[in-house]
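Colleague: predicted structure and sequence below. I'll ask about it afterward.
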Amino acid sequence: MRSDNIKEGIDRTPHRSLLYATGMAKGDMKKPFIGIASSFTDLIPGHVGIRDLERAAENGVYSNGGHPFVFGIPGICDGVAMGHRGMHYSLPSRELIADMIETIAEAHSLDGLILLTNCDKITPGMLMASLRLNIPAIVVTAGPMLSGHYHGNRLSFVRDTFEAVAKFRINDITEKELNDLEMCACPGQGSCQGLYTANTMACMTEVLGMSLPGAGTALAGSAIKKRIAFESGARVVDLVKSQVLPRDIVTMDSFKNAIAVDMALGGSSNSVLHLLAIANEAGIKLDLKLFDEISKNTPQLTSLRPAGEYFLEDLDFAGGIPSLLYELKDFINTKSINVSGKSIAEIISGVNYVNNEVIRKAGNPYRKEGGIAVLFGNLAPNGAIIKSSGVSPSMMNFKGTAVVFDSEESAMENISKGKIKEGDVVVIRFEGPKGGPGMREMLAPTSQIVGMGLGEKVALITDGRFSGGTRGPCVGHISPEAQEGGPIALIKNGDKIEIDIPDRKLSIDVSEAELNERKNQFTKKPKKIDYGYLSRYAEIVSSADEGAIVNRNIRK
């Protein structure tokens with residue numbers, strides 16, 4: 001066992017002494033050492049219930065002959081960090097989380113890991129660490145929040161808070177209604193109720209094979225979720241004994257399956273960024289064109305918020321990811337395996353119920369293509385991402401006039417004052433991985449546009465990114481970014497911009513000669529943040545089309 005490095009032999013007498021000081025019994029020294037990386041925090045509603053999962057996972061490890069050690073991993077709530085300086089730190093925290101888990105697991109020679117997570121950047125950060133370390137590991141996501149309720153209507157976080165602010169500004173709802181929504185939209189623990197980034201990544205984790213079947217949608221605070229944590233604790237000991245490693249489970253076929261399920265769900269556009277980064281740690285090179293190829297050939301089988309009307313609780317009650325895999329079986333590789341030891345074929349053979357109103361059959365999809373499209377063109381030579389499942393048919397082709405802002409704050413100020421009009425294309429730039437720094441989410445501007453009734457009249461493009469809660473014609477991840485001199489840096493007010501989702505094009509109606517002239521006049525902007533972690537991050541982070549990664553050492 002790896003842990004023999006710190007507990008076997010005469011030379012390790014001091015090490016054992018320190019371990020006994022933690023309260024270990026002498027007989028535990030022969031057991032596998034299982035680290036439980038817990039991202040419990042009082043700051044994130046998706047994580048406030050993780051204390052219960054720690055206990056369940058510990059009991060599971062003990063039950064199968066392992067010894068658990070809980071250690072802490074930080075997390076950021078994107079909803080709380082949104083719209084201010086805090087959002088600069090969200091995506092960069094993914095790298096810190098991976099580094100922290102690597103550091104603890106290597107320093108203490110842990111034999112295996114249980115990774116307790118839930119929200120946006122914590123889950124991909126933990127997956128990155130598991131594949132970098134390549135020691136037996138199981139991910140347990142804490143689960144989605146139940147829907148809120150108000151006057152007989154079900155509520156979700158984004159529509160009924162962010163978009164409600166804009167509705168209040170245009171007198172569509174009263175101040176009392178806004179205050180009531182504030183109190184009712186998020187009723188308790190769990191990740192936000194729609195197919196936003198946290199829940200998208202929980203589903204991706206299950207499809208990749210790194211969490212037990214059913215884990216991706218099992219509700220926060222439920223007995224099922226606690227049982228999954230217990231079973232995961234027990235199962236990881238088996239994985240240690242048989243040395244089944246993350247890179248045995250997560251293969252190119254696993255990623256293709258995850259991308260197909262993402263497209264069938266119509267998930268968050270952030271999943272592209274995270275799957276690229278996770279694959280990098282697995283030594284697998286993904287390409288944006290693969291995402292688009294799979295999207296074009298995968299039907300969208302669910303319609304969950306923010307784009308649709310169903311909630312994660314509906315997906316769970318409809319049969320969860322196993323039932324979705326059952327309906328998608330002709331589009332995936334069913335030989336891929338799961339940490340449970342079962343193949344996808346074995347998992348779906350046990351499916352005995354699918355609610356085909358929530359999870360449609362492949363022959364009766366919500367859309368014939370998947371939920372995400374990759375656009376290229378003279379504005380995005382290296383690609384850009386749009387959540388096409390959230391775009392109305394009337395906006396699938398859109399040509400408008402550029403209104404340019406060099407920061408989210410400037411854009412928000414003008415949108416809030418009603419300075420954006422029908423036919424505009426809002427351009428928010430210098431918000432990419434380097435320019436932001438940190439590639440902030442633009443949920444506040446997009447929610448304002450939708451809430452003000454402009455969701456089918458105005459488009460938004462950015463080298464930043466979007467919350468999973470974004471809907472409407474919003475193009476993000478534009479690469480190269482403005483700070484690197486990408487074409488988005490060359491746009492001027494009044495330029496004509498075309499978004500053509502069916503033909504996968506994002507272009508500016510400016511001649512190549514004119515763009516080259518503008519390029520010659522371009523100079524990088526000074527760093528927005530020139531100290532601390534974010535300053536270092538801006539120096540080393542890659543472009544969005546590579547996953548905004550800082551660890552480029554892809555292993556063979």
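Modeller: Right, received. Where do you want to start?
Colleague: make it CA atoms for all contacts and neighbour counts henceforth
Modeller: Noted.
Colleague: CA-only coordinates of the helix or strand harbouring Thr446 in PDB, if you can.
Modeller: Assigned by DSSP states H and E, Thr446 belongs to helix 443-451. Output in PDB follows, covering the C-alpha atoms of helix 443-451 (Å, rounded to 0.1, in the frame of the first residue of the first chain):
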ATOM      1  CA  LEU A 443     -25.000  35.800 -15.400                       C
ATOM      2  CA  ALA A 444     -25.900  39.300 -14.200                       C
ATOM      3  CA  PRO A 445     -25.800  40.900 -17.700                       C
ATOM      4  CA  THR A 446     -27.600  38.000 -19.400                       C
ATOM      5  CA  SER A 447     -30.300  37.800 -16.700                       C
ATOM      6  CA  GLN A 448     -30.900  41.600 -16.900                       C
ATOM      7  CA  ILE A 449     -31.300  41.300 -20.700                       C
ATOM      8  CA  VAL A 450     -33.800  38.400 -20.400                       C
ATOM      9  CA  GLY A 451     -35.600  39.900 -17.400                       C
END
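Colleague: alpha carbons of the helix or strand just after that helix, as CSV, please.
Modeller: Downstream of helix 443-451, the next assigned helix or strand under DSSP H and E is strand 459-462. Extracted in CSV, the C-alpha atoms of strand 459-462 (Å, rounded to 0.1, in the frame of the first residue of the first chain):
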residue,chain,number,x,y,z
ALA,A,459,-27.4,39.0,-28.3
LEU,A,460,-24.3,39.0,-26.1
ILE,A,461,-20.8,37.8,-26.9
THR,A,462,-17.8,37.6,-24.6
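Colleague: elements contacting strand 459-462?
Modeller: If contacts are counted by 3 or more CA pairs under 8 Å, 6 or more residues apart in numbering; DSSP states H and E, strand 459-462 sits against strand 424-428, strand 474-479.
Colleague: mind listing residues that contact the shortest one?
Modeller: Residues external to strand 424-428 that are found in contact with it (CA atoms under 8 Å, 6 or more residues apart in numbering): 400-408, 411, 420, 457-464, 497.
Colleague: same check, this time on stretch 231-244
Modeller: Stretch 231-244 is contacted by residues 32, 34, 56-66, 111-114, 135-140, 211-212, 245, 339-340 when judged by CA under 8 Å, 6+ apart.
Colleague: ok, back up a step: out of the helices and strands packed on strand 459-462, which is the most enclosed?
Modeller: Most buried of the helices and strands packed on strand 459-462 by mean neighbour count (mean count of other CA atoms under 10 Å) is strand 474-479; its value is a mean of 28.
Colleague: centre of the chain to that one, how far?
Modeller: On the basis of CA atoms, centre = their mean, to the nearest Å, strand 474-479 sits 16 Å off its chain's mean C-alpha point.
Colleague: check stretch 312-326 too.
Modeller: Centroid separation for stretch 312-326 versus its chain: 19 Å, with CA atoms, centre = their mean.
Colleague: CA atoms only: put that stretch into PDB for me.
Modeller: The C-alpha trace of stretch 312-326 is given here as PDB (Å, rounded to 0.1, in the frame of the first residue of the first chain):
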ATOM      1  CA  LEU A 312     -33.300  18.400 -11.300                       C
ATOM      2  CA  GLU A 313     -35.700  16.800  -8.900                       C
ATOM      3  CA  ASP A 314     -37.900  15.900 -11.900                       C
ATOM      4  CA  LEU A 315     -34.900  14.300 -13.600                       C
ATOM      5  CA  ASP A 316     -34.100  12.300 -10.500                       C
ATOM      6  CA  PHE A 317     -37.700  11.100 -10.100                       C
ATOM      7  CA  ALA A 318     -37.800  10.200 -13.800                       C
ATOM      8  CA  GLY A 319     -35.000   7.700 -13.200                       C
ATOM      9  CA  GLY A 320     -31.900   9.900 -13.100                       C
ATOM     10  CA  ILE A 321     -28.800   9.300 -15.300                       C
ATOM     11  CA  PRO A 322     -29.200   5.500 -15.500                       C
ATOM     12  CA  SER A 323     -32.600   6.100 -17.200                       C
ATOM     13  CA  LEU A 324     -31.100   8.800 -19.500                       C
ATOM     14  CA  LEU A 325     -28.300   6.400 -20.500                       C
ATOM     15  CA  TYR A 326     -31.000   3.800 -21.200                       C
END
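Colleague: next, the distance between the ends of stretch 38-56.
Modeller: End-to-end distance of stretch 38-56 (CA to CA, to the nearest Å): 12 Å.
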